[in-house]
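**Student:** Below are the sequence and a predicted model; questions follow.
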Amino acid sequence: MTGRPKLAKRNASGSVRFVGRTIWGMGKGAFDMSRVLVACEESQIVCKAFRARGHEAYSCDILSTSGNNPEWHIQGDVVPLLGKDWDLIVAFPPCVHLSVSGARHFEEKRKDGRQQQAIDFFMLFTNLKCSKVAIENSVGIMSTFYRKSDQIIQPHQFGHPESKKTCLWLKGLPLLTPTNVLDPPASGRWDNQTPSGQNKLGPSAERSRIRSKTYTGIADAMSKTWG
Ligand SMILES: C[S@@+](CC[C@H](N)C(=O)[O-])C[C@H]1O[C@@H](n2cnc3c(N)ncnc32)[C@H](O)[C@@H]1O
């Protein structure tokens, strides 16, 4: 077996880990499906969107999944998987130390190395042998540190009445076409915004996990366009 993911096995907590054998029982030729790695995804929203279109997709995250399909979730560090034989990698590297929304803490994060660590992790996805790669991140320093993103999307272009500017860097993939563009609300603010334009969710341990989940409309567009 060369370069292919190994058989996934459920551990005591119900999550999936790799063991010794290949999981590719049915090759791409048989059903013309793609092998998709959704890197840094605990929710499985994108993974499930690709599964719904018949692809062999796996989510991978250091966290256990909240997505109810642990048999498609690889819990652990994604880095050892990146060089394996995937047709497509869709990556959601953490943006907490990169995003403009945290700019007031940048100096501290530069000094203590957290920002450099986040940059280094993001950059791993920019130099993969896989010929189709999408990297998603909030608006932040990677547009200057790495390069301008290929596309900036909003959930309200994909049927969700919310605002969250999201950058996509694409290799070997077309831009996403908006699937359901909503009119701006009469109030001038989207459902998730306070009057000052901030996100309504207050600080809490769960806040970043909730906010970082991919919108289903965007996940569907990804699977439709890239699958
Ligand atoms: C911005 S969130 C993306 C969440 C994703 N959009 C979703 O719907 O689940 C980044 C994720 O990267 C995960 N992560 C961080 N370092 C990782 C690593 N080395 N390997 C795998 N996942 C990692 C975090 O646990 C977190 O869930």
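**Tutor:** That came through fine. Residues are numbered from 1 along each chain as shown.
**Student:** Give me the residues contacting stretch 100-119.
**Tutor:** The contact list for stretch 100-119, computed with Cβ atoms under 8 Å, 6 or more residues apart in numbering, reads 93-98, 138-142, 145. (C-beta placed from N, C-alpha, C; glycine too.)
**Student:** Relative to the whole chain's centre, how far out is that stretch?
**Tutor:** Mean-position distance between stretch 100-119 and its chain equals 21 Å (Cα atoms, centre = their mean, to the nearest Å).
**Student:** average pLDDT for that stretch?
**Tutor:** Averaged across stretch 100-119, pLDDT comes to 89.
**Student:** That one and the ligand in contact?
**Tutor:** No - residues of stretch 100-119 contacting the ligand under Cβ under 6 Å from any ligand atom: none, with a closest distance of 9.4 Å.
**Student:** Tell me which residues of that stretch come out buried.
**Tutor:** For stretch 100-119, the buried set under the neighbour-count rule, 16 or more other Cβ atoms under 10 Å, comprises 101-102, 106, 109, 114-115, 118-119.
**Student:** Just send those residues back as JSON lines, with distance to residue 79 too.
**Tutor:** Listed next are the buried residues of stretch 100-119 as JSON lines, based on distance: Cβ to Cβ, whole Å:
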{"residue": "101", "distance to residue 79": "26"}
{"residue": "102", "distance to residue 79": "24"}
{"residue": "106", "distance to residue 79": "25"}
{"residue": "109", "distance to residue 79": "21"}
{"residue": "114", "distance to residue 79": "18"}
{"residue": "115", "distance to residue 79": "19"}
{"residue": "118", "distance to residue 79": "14"}
{"residue": "119", "distance to residue 79": "15"}
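**Student:** Let me see the contact set for the residue nearest to residue 67 when sequence neighbours are not counted.
**Tutor:** Distances taken as Cβ to Cβ, 6 or more residues apart in numbering place residue 44 nearest to residue 67, at 2.7 Å, with adjacent residues excluded. Residues near residue 44 by Cβ under 8 Å, 6+ apart: 38, 59, 65-69, 72-73.
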